[in-house]
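# I'll drop the sequence and a predicted model, then ask my questions.
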2 protein chains.
Amino acid sequence: MPTFADPAAPDTDDAAASARRPRARRKEARPSELTAAALDLFVEKGFAATRLDDVAARAGVSKGTLYLYFDSKEALFKAVVEEGIVPALAAAEQRFAEYEGSSAELLRSLLLGWWQQIGNTRLGGVPKLIISESRNFPEIAQFYHDRVISRGRSLLRAALQRGVAAGEFRPLDIESCIDVIIAPLLMLTVWRYSLCSCGNDIEPERFLDTQFGILIHGLLAAPEGAR
Amino acid sequence: MPTFADPAAPDTDDAAASARRPRARRKEARPSELTAAALDLFVEKGFAATRLDDVAARAGVSKGTLYLYFDSKEALFKAVVEEGIVPALAAAEQRFAEYEGSSAELLRSLLLGWWQQIGNTRLGGVPKLIISESRNFPEIAQFYHDRVISRGRSLLRAALQRGVAAGEFRPLDIESCIDVIIAPLLMLTVWRYSLCSCGNDIEPERFLDTQFGILIHGLLAAPEGAR
DNA sequence: GATAAATTACTGACCGGTCAGTCATTAATT
DNA sequence: AATTAATGACTGACCGGTCAGTAATTTATC
């Protein structure tokens, strides 16, 4: 069962197989093959500039077939998000609910999890995509806001409140704190999927290190010497 | 030559004037009217999604006229940047060359100047536009990189080096420091021109305050006691 | 100062190419 | 044979760019 979070499972058996057996009928596998292909192209070209002919071709299928499984281009995109990002978010909520360590560790775990399951995978291009196209496709923006952004912010909010309640973090303006936390992460993916490819390179690990350092240093309640 | 008999002269609204006098000939004024209209639409819709018919209409002119003054859509965009952003950059370079105060003040002045002349004007949408479309229009990305980004980074680099050389700032990894400085500014404009319009509001002043605070606190050499 | 001729800013219909979405046909499976 | 997954030619809307034509303005002539 191929998922696009796993780069080790290339399309050797789906698209290529279809190339060998032109009209093979594989009802079960098609949707995920199509969303995987769509993710690649959406991230590379953006939503508007991605042609459904190309998505279908990459999935080893014709455009008509694509329309058997998805009602429209927008529906296809929604499926990509639903399949790729929402599960990661659900997993993070699960981790949060069961967590028992310090809030700083929890926060670190959440952000690191985001980096490993979204930021540093093919899904990392999605935030930039949303930012780029939200004006022209308000319905998509709304969908993403409801399904991802608001849930993600709630998670961060809960983590921060947990830390403040325990006296571990100093009293914070939670909302603007959320912004400050996610801004550099977003920026990183935005950078990666835009100017990076034309001379303005950036080193993710170092950038994140710097930002993490500033963040933790700025949040903690008691500035102890051990830092 | 415009005379006092010209009824369009006292009118501030170019497009409206043209609407009253359909085919009036105003060779001098057209280019700037067109770039102004183009900036509005490019920022609102993006480069690809902006129709030249609309740009022309907003400037009170037909599409054919647009092509009398600009060779292509790309040329129009380049003119927008050349006319709107490059002069502000040149002014900043000028201010830098003549500056004599502290480097912290200089830095503050540069960033504030950016906010007032670019970030907080209609031009503020341009960075997001570039980020959004650089992949699909590499020539535009290259142009913007050469004309704006590299010059802007050079300016920041010089300001930081000035501070380090004077012992005012601690020794810094200049390049990554540049990234850390501009990331939140970029993020602010990106935010403003994308998700903001759909429920995720942000307060620029407060956001910038927070970031400025963190930044200055992190740069200074050793204001008091140990570190 | 009036009129005609020349110039050129401006127009908008048109062209070629693109692409989301449709549907009659074809072929794999049961 | 019946069912249905898959196809790809087709449609209609859209848009960057073109160009033959139109009209505002200037220059030449009387």
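Arrived safely, thanks for sending. None of the values given here were measured: they were computed from a predicted structure.

# CA atoms for contacts and neighbours, from now on please.
OK.

# Tell me how chain A divides into domains.
Following automatic domain parsing, one finds the domains of chain A at A:15-80, A:85-219.

# For chain A, which segments count as strands?
Counting by DSSP state E, chain A forms no strands at all.

# Any chance you could spot the residue sitting in the middle of chain A?
Closest to where the C-alpha atoms of chain A average out (Cα atoms, centre = their mean) is A:Ile118, at 4.0 Å.

# pretty sure that residue is touching A:Ile85, no?
Yes - applying Cα atoms under 8 Å as the test, A:Ile118 and A:Ile85 come out as touching, 7.3 Å apart.

# coming back round to it: excluding residues flanking it in the chain, which one is nearest the residue nearest to the centre of chain A?
A:Gly124 (5.2 Å; Cα to Cα, 6 or more residues apart in numbering or on different chains).

# what do you get for A:Phe143?
A:Lys78 (7.7 Å).

# next one: A:Leu76
Distances taken as Cα to Cα, 6+ apart put A:Phe70 closest to A:Leu76, at 5.7 Å, once the chain neighbours are dropped.

# wait, isn't that neighbour in contact with A:Phe77?
No - using Cα under 8 Å, A:Phe70 makes no contact with A:Phe77, being 9.4 Å away.

# what residues does the helix with the most length in chain A touch?
Longest helix of chain A, by residue count under DSSP state H: helix A:174-192. Outside helix A:174-192, the residues within contact range by Cα atoms under 8 Å, 6 or more residues apart in numbering or on different chains are A:119, A:124-125, A:127-128, A:153, A:156-157, A:160-161, A:201-202, A:204, A:208, A:211, A:215, B:131, B:183-184, B:187, B:207.

# again, only using 7 Å
The contact list for helix A:174-192 (Cα atoms under 7 Å, 6 or more residues apart in numbering or on different chains) reads A:119, A:124-125, A:127-128, A:153, A:156-157, A:160, A:204, B:183-184, B:187.

# quick one: which of those residues is nearest to DNA strand D?
Relative to DNA strand D, the closest of these is A:Lys128; by Cα to the nearest atom of the strand it sits at 22.2 Å.

# Distance of that closest one relative to A:Asp54?
21 Å (Cα to Cα, to the nearest Å).

# ok, the two, which is more surrounded?
Applying other Cα atoms under 10 Å in any protein chain shown to A:Lys128 and A:Asp54 shows that A:Lys128 carries more neighbours, namely 24 against 16.

# any idea how far the more buried one is from A:Glu205?
19 Å.

# Can you list the buried residues in the longest helix of chain A?
Within helix A:174-192, the residues that count as buried by 16 or more other Cα atoms under 10 Å in any protein chain shown are A:177-178, A:180, A:183-192.

# Same check on stretch A:47-67?
Those would be A:47, A:50-52, A:54-63, A:66, for stretch A:47-67 by 16+ other Cα under 10 Å.

# Also near DNA strand D: which of the residues you listed, exactly?
A:60-63 (Cα under 7 Å from any atom of the strand).

# Switch those over to CSV; also include pLDDT and distance to DNA strand C.
Listed next are these as CSV, based on pLDDT from 0 to 100; distance: Cα to the nearest atom of the strand, whole Å:
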residue, pLDDT, distance to DNA strand C
A:Gly60, 93, 14
A:Val61, 94, 12
A:Ser62, 94, 8
A:Lys63, 96, 6
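
# My read is that A:Val43 contacts A:Leu129, right?
Yes - using Cα atoms under 7 Å, A:Val43 is in contact with A:Leu129, at 6.5 Å.
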